[in-house]
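> Based on what follows, work out the 3D shape:
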Amino acid sequence: MKRKSLTLAVLATGACFLEIFFPHRVQAQPPACTLQTLQSVYGLQATGTIISEPLPPGPFGKVGWVTFDGNGNFSGDDTVSFNGTIISRVFSENYTAEGVTRGLKSRK
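A predicted model of the protein is given here:
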């Protein structure tokens, strides 16, 4: 029994030694972002305070949706409140994707 315990202790110590001094090196690759990876319908919501021109200072809020088609185009609508003035908008635009998915670049 002592011999089995001693053998297991030596093996466990050896395994720990190998893991500490020869760790596995794996480098995570961020997922590639393409036009096709952004393809769906998303809700949007924003709130804040307008503090500079061209709009007068005051509260701001909006809610809506946007659809990305996976081919570089998006469209949607939102309802916006600029200091209590309510505006409904419809929009469409193009987008680009550059490698790592961290955000969008809109172009006109």
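> The host helix or strand of Phe91 pairs with which strands?
Assessed by DSSP states H and E, Phe91 sits inside strand 85-96. Here strand 85-96 has these sheet partners by DSSP bridges: strand 73-82 (antiparallel), strand 105-107 (antiparallel).
> Report the buried residues of it.
Tyr95 (16 or more other C-beta atoms under 10 Å). Every C-beta, even on glycine, is put in place using the N, C-alpha and C of the backbone.
> and if you look at stretch 35-45?
Applying 16+ other C-beta under 10 Å to stretch 35-45 flags Leu35, Leu38 as buried.
> ok, residues contacting it?
Outside stretch 35-45, the residues that touch it by C-beta atoms under 8 Å, 6 or more residues apart in numbering are 31, 62-72, 76, 78, 95-97, 101, 104.
> And stretch 57-66, by the same measure?
Here stretch 57-66 makes contact (C-beta under 8 Å, 6+ apart) with 41-51, 74-84, 89.
> at 6 Å instead, please
Residues outside stretch 57-66 that contact it (C-beta atoms under 6 Å, 6 or more residues apart in numbering): 42-51, 74, 76-81, 83.
> Would you map the strands across this structure?
32-33, 39-50, 58-69, 73-82, 85-96, 99-100, 105-107 (DSSP state E).
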